[in-house]
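In: Everything below, folded, please.
(2 chains)
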Amino acid sequence: MTEHKGVWVFVEQNDKEISRVSLELLGKGKELAGKLETKLSGILLGNEVKGLANEVIAYGADKVYLAEHKELEHYRTLPYARIISELIKKEKPEIVIYGATTTGRDLAPRVAARIEAGLTADCTGLEIEDYEDNKGNKYEKTLLQKRPAFGGNIFATIVSPDHKPHMATVRPGVMDMLPKDTNRTGEIVTVEPNIEEGDLAMIIQEITRQKKSVNLADAKIIVSGGRGVGSPEGFKIIKELADYLGGEVGASRATVDSGWIDYSHQVGQTGQTVKPDLYVACGISGAIQHMAGMKGSKKIIAINKDPEAPIFKIADYGMVGDLFQVIPKLIEELKKV
Amino acid sequence: MELVVLIKQVPDPEKNAGMKEDGTLNREESKNIVNPYDMNALEEALKLKDQYGGKVTVISMGLPKAEQALREALAIGADDAILLTDRKLGASDTLATAYALSQAIKKLGNYDLVFCGMQAIDGDTAQVGPQVAERLGIPQLTYAEKVEVKDKDLIVKRVVEGGYEITKSSYPALITVTNTANEPRLGTMLSIKKAHKIEIKHWDAAYIEADEKKIGKEGSPTKVKKIERPEQKGQGIMFQGKLEEIIPKFFEQIKKDKINLKGGA
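Out: This is a model prediction of the structure:
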């Protein structure tokens, strides 16, 4: 087991653009590699994606394993799982992490079952610490994987001390990416893709992706609406305040499920995890799954009619009142300043 | 078509009995429901049965009381139910669970499609589906919103990051179903009556010829180190009362705290 060495990040790319969570994981991966005194590698698969390898290095990788093939143009489970599983068996990394996107959550369990490794889903924290199990077995510098369960009601810390590599998917928006450093240098290792005919059992006939109109991940200010907004029209005033503050519009799951606003605005466990400088929660009672996605915000202002609303427990400033009365007053006052 | 649906009994999030000291769930004490996404999976299977005929078999792994979940599936229209239950299967993580379920499916013999919910609402891992597919050596179509069978082709609309994709594959295959795929049906008088007569089969680890090293605690690479409740930060400053009074107070306070609303905090 001691032969396992190195931290790997699966670098997800769609249409030759590296997904943001992969860059975040390179940042975290570098920190973990530092603690383990080892190297960070990115695993990059695709068709003609060599140009992205330098970007992977610029965001923290020491090495990039690059597999290119026309059948790897778009992510598909079987060819990707084969290449990555074989690479893991050959190179024996100690840790492999994936973004908890639809792709990462499709790929990682398939790989884990193939190589019979432990896998922890949807982590929000990764640390290297010594670990002692209840039988007194000691493990030096093992990976502690923290994840929410029961809709964020509890957090579990998971270890897989007897199996390597340790594998985890990590929720987007939780880890911090490093600033891009184009002066960094690294090694690019070309991997000859071994794809078998059976791996091509599934073909993609059509892909439709909407360009993201909302960027909650990078927003410094987010004004979010919850059930208290009452209707699709109710979001107008949320947008007005967001525009006035120069922020983005967020939403609770209840409003998205009711069809009042598009899913791309959803903040929370099943939506986007955010950590802006300022989060204004309007008419949001504070379901645990919503709070799990926004409590990392630097300052939180909550506006709610119900003084008992759980959101007030995590707010820095709580205003008890009807958002349709409070927000216009806030805007009026802001105009004076 | 021979259709298999994997269902999980989960604690009702409204009536959660919490954790035992060893960090595992207190499943004995909890009120339980069928994982809601699994009902969407069952619905997809039933729709295919309506269209092409055949048989829907539901399989669950759990304590004997998970029979209740299988009963529910039978009442809605499943034809056969298998409960995988054995002390040796206790404390299995996703890898070990997926192994046991795949052994049960192999024991069943012929199948065209295996359905699961996209994830279970207790663990939220979404891992067992793909891991069963790997153990069975069949393609997986996760996050399926629409499923069609046309001759030898399986057409699935999958939800992916920022949009969706339409895929064509061969089958047997495993499909995990989203909650936006359908509105699960309710049982009819006829299906409920029929369900009463169906005997739920109990299978144990020996019956499915499970390698004991691959199930339960021993077959589970991941261990729970600790469980904790999320910390809550202290309550902030509350502004309550007449609007014309609290607005100035609020602005006074944030000025004092040097917060510039327009520039973020």
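In: any idea what sits nearest the residue in the stretch 101-250 of chain B positioned nearest to chain A, other than its immediate chain neighbours?
Out: When scored by CB to the nearest CB, the stretch 101-250 of chain B has B:Pro221 as its residue closest to chain A, at 3.1 Å. To be clear about C-beta, it is placed using only N, CA and C from the backbone, and glycine gets the same treatment. Sequence neighbours aside, A:Gly118 is the residue nearest to B:Pro221 in space, at 3.1 Å (criterion: CB to CB, 6 or more residues apart in numbering or on different chains).
In: Just list the residues touching the one you found, thanks.
Out: A:Gly118 makes contacts with A:Ala112, A:Ile158, A:Ser160, A:His163, A:His166, A:Met167, B:Asp93, B:Leu95, B:Ser220, B:Pro221, B:Thr222, as judged by CB atoms under 8 Å, 6 or more residues apart in numbering or on different chains.
In: can you count the residues close to the last one?
Out: Neighbour count for B:Thr222, taken as other CB atoms under 10 Å in any protein chain shown: 25.
In: State the phi and psi torsions of it.
Out: phi -90, psi 140 (degrees, to the nearest 10).
In: any bit of the longest strand out of those in chain B sitting next to chain A?
Out: Longest strand in chain B by number of residues (criterion: DSSP state E): strand B:140-150. Yes. Residues of strand B:140-150 are located near chain A by CB under 8 Å from any CB of the partner chain, namely B:Gln140, B:Leu141, B:Thr142, B:Tyr143.
In: and the nearest residue to the first one once chain neighbours are set aside, what helix or strand is that in?
Out: Distance criterion CB to CB, 6+ apart; nearest residue to B:Gln140, sequence neighbours excluded, is B:Ala133 at 3.7 Å. Element membership for B:Ala133 (DSSP states H and E) is helix B:128-136.
In: Let me know the angle separating that helix from strand B:140-150.
Out: 80 degrees (axes from the mean of the first three to the mean of the last three CA atoms, to 10 degrees).
In: I'd like to know which elements whichever strand or helix holds B:Glu44 is packed against.
Out: Per DSSP H and E: B:Glu44 is located in helix B:36-52. Other elements packing on helix B:36-52 under the criterion 3 or more CB pairs under 8 Å, 6 or more residues apart in numbering or on different chains; DSSP states H and E are strand B:2-7, strand B:55-61, helix B:67-76, strand B:113-117, strand B:140-150, strand B:173-177.
In: Can I get these in TSV including mean pLDDT?
Out: Shown next, in TSV, are the helices and strands packed on helix B:36-52 (pLDDT from 0 to 100):
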stretch	mean pLDDT
strand B:2-7	98
strand B:55-61	98
helix B:67-76	96
strand B:113-117	98
strand B:140-150	97
strand B:173-177	98
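In: Residue numbers of the stretch 1-150 of chain B in contact with chain A?
Out: Checking the stretch 1-150 of chain B against chain A by CB under 8 Å from any CB, the hits are B:11, B:13, B:16, B:19, B:23, B:93-95, B:98, B:121-131, B:133-135, B:139-143.
In: For the residue nearest to B:Asn110 when sequence neighbours are not counted, which residues count as its bridge partners?
Out: The shortest distance from B:Asn110 to any non-neighbouring residue, by CB to CB, 6+ apart, is to B:Glu2 (5.2 Å). Taking DSSP bridges as the rule, B:Glu2 bridges to B:Lys55.
In: burial of B:Glu2, as a residue count?
Out: Using other CB under 10 Å: B:Glu2 sits among 16 other residues.
In: what does B:Thr85 give?
Out: Applying other CB under 10 Å, I find that B:Thr85 has 20 neighbouring residues.
In: same deal with A:Val7?
Out: Neighbour number of A:Val7 under other CB under 10 Å is 31.
In: OK, contacts around it?
Out: Applying CB under 8 Å, 6+ apart, the residues near A:Val7 are A:Gly29, A:Leu32, A:Ala33, A:Leu36, A:Thr38, A:Lys39, A:Leu40, A:Ser41, A:Pro93, A:Glu94, A:Ile95, A:Ile97.
In: again, 6 Å this time
Out: Applying CB atoms under 6 Å, 6 or more residues apart in numbering or on different chains to A:Val7 gives the contacts A:Gly29, A:Leu32, A:Ala33, A:Leu40, A:Ile95.
In: ok, for A:Gln13, nearest residue in space, not its chain neighbours?
Out: Once flanking residues are discounted, A:Gln13 sits nearest to A:Gly46: 5.4 Å by CB to CB, 6+ apart.
In: Relative to chain B, how far out is the one you found?
Out: 15 Å (CB to the nearest CB, to the nearest Å).
In: and B:Ala69, how many neighbours?
Out: 23.
In: how about the nearest residue to it, chain neighbours excluded?
Out: Nearest to B:Ala69 is B:Gln9, by CB to CB, 6+ apart, at 4.1 Å.
In: List the beta-bridge partners for the one you found.
Out: Here B:Gln9, judged by DSSP bridges, has bridge partners B:Val34.
In: That one: neighbour count?
Out: A count of nearby residues for B:Gln9, using other CB under 10 Å, gives 26.
In: which residues does it contact?
Out: By CB under 6 Å, 6+ apart, the contact set of B:Gln9 is B:Asn32, B:Gly62, B:Ala66, B:Ala69.
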